[in-house]
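Visitor: Take this sequence and fold it.
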Amino acid sequence: MKRNMKLITMVICALVIALFTTSCSKDNDIPDAEKNAIQALNNIVGNYKGNLAATYGTTTIISPGINWTVDKNSTITINNFPYQMLANGVSKNTASSLYTTLINEKQRPLKLYITTIHPQDSKVLFNLSSNFSFEVTTTSGTYELSGLFTFKNQPFSSSYTMNNSEMQLQFTANKLVKVDKAHATAIIQEDFDTPVNFYLTGNKV
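Guide: Numbering: from 1, shown residues only. Below is the predicted model:
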């Protein structure tokens, strides 16, 4: 009986060691850089509130009370993005139908995507995907106005500061394309000729 108990104990110990070894092996398969990036993303996940500034030419306008969220899928959703700010990229103003279309746009969500993360001791630096899109309805039908966000030659355009939970996003809209879905055509909107730089700053709530 004692021999059987000893044998059973040895088998259980062996299983525990095997399971522990397998778990450690899986952890070791993940590079440290990837682990740090995952941890950094987990740190910035949450709900935020702050201000959105839009700069075009020498003018800056500020839209307060902007809310956004960051989820574990690396998606940033600005819940009430003021699309009418894009109208400032049309220098012809009221002489352009594009200006009229944009200035009448309502606030609605805008999704941005984190592409690269660079963790530091007190900050998390990151970049956003350059693509975004949204739909507008005009008298001639429904179109998709697609834009390209570019960054001002900075290795990392956005950041999250650990000690005060502050996030800063920076992106530039410099091109709009009108897509006619019915005819599968896309036309660059030449009237959108002034880049609009956006700066979003806020804290976790």
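Visitor: Show me the shaky parts of the chain.
Guide: When residues are selected by pLDDT under 70, those of the chain lie in 1-31, 33, 140, 152-153.
Visitor: Now do the helices in it.
Guide: Along the chain, counting by DSSP state H, helices occupy 2-29, 32-44, 97-103.
Visitor: on contacts alone, who are the packing partners of the last one?
Guide: Same thing as helix 97-103. Under the contact criterion of 3 or more CB pairs under 8 Å, 6 or more residues apart in numbering; DSSP states H and E, helix 97-103 touches strand 131-138. The way it works is simple: take the backbone N, C-alpha and C, and place the C-beta from them, glycine included.
Visitor: strands paired with the strand it packs on, and their directions?
Guide: strand 141-150 (antiparallel) (DSSP bridges).
Visitor: Now do the strand it pairs with: everything it contacts.
Guide: Applying CB atoms under 8 Å, 6 or more residues apart in numbering, the contact partners of strand 141-150 are 86, 101-102, 112, 128-137, 171-182, 186, 189, 195.
Visitor: The residue nearest to Gly57 when sequence neighbours are not counted and Met167, how far apart?
Guide: In space, and not counting its chain neighbours, Gly57 is closest to Thr194: 6.2 Å by CB to CB, 6 or more residues apart in numbering. Distance check for Thr194 against Met167: by CB to CB, to the nearest Å, it reads 26 Å.
Visitor: Asn203 now?
Guide: For Asn203 relative to Met167 (CB to CB), the value is 7 Å.
Visitor: higher neighbour count, those two?
Guide: Met167 (22 against 13; other CB atoms under 10 Å).
Visitor: Return the residues in contact with that one.
Guide: By CB under 8 Å, 6+ apart, the contact set of Met167 is 44, 48, 50, 70, 158-161, 200-204.
Visitor: Mind doing that once more with 10 Å?
Guide: 44, 46, 48, 50, 68, 70, 76, 124, 126, 158-161, 200-204 (CB atoms under 10 Å, 6 or more residues apart in numbering).
Visitor: which residues does it form a beta bridge with?
Guide: Tyr160, Gly202.
Visitor: Figure out how far stretch 101-119 is from the centre of its chain.
Guide: Centroid separation for stretch 101-119 versus its chain: 7 Å, with CA atoms, centre = their mean, to the nearest Å.
Visitor: Burial check on Asn127, number of neighbours?
Guide: Using other CB under 10 Å, Asn127 has 19 other residues around it.
Visitor: Could you do Phe156 as well?
Guide: Neighbour tally, Phe156, other CB under 10 Å: 17.
Visitor: do the same with Tyr99
Guide: By other CB under 10 Å, neighbour count at Tyr99 equals 20.
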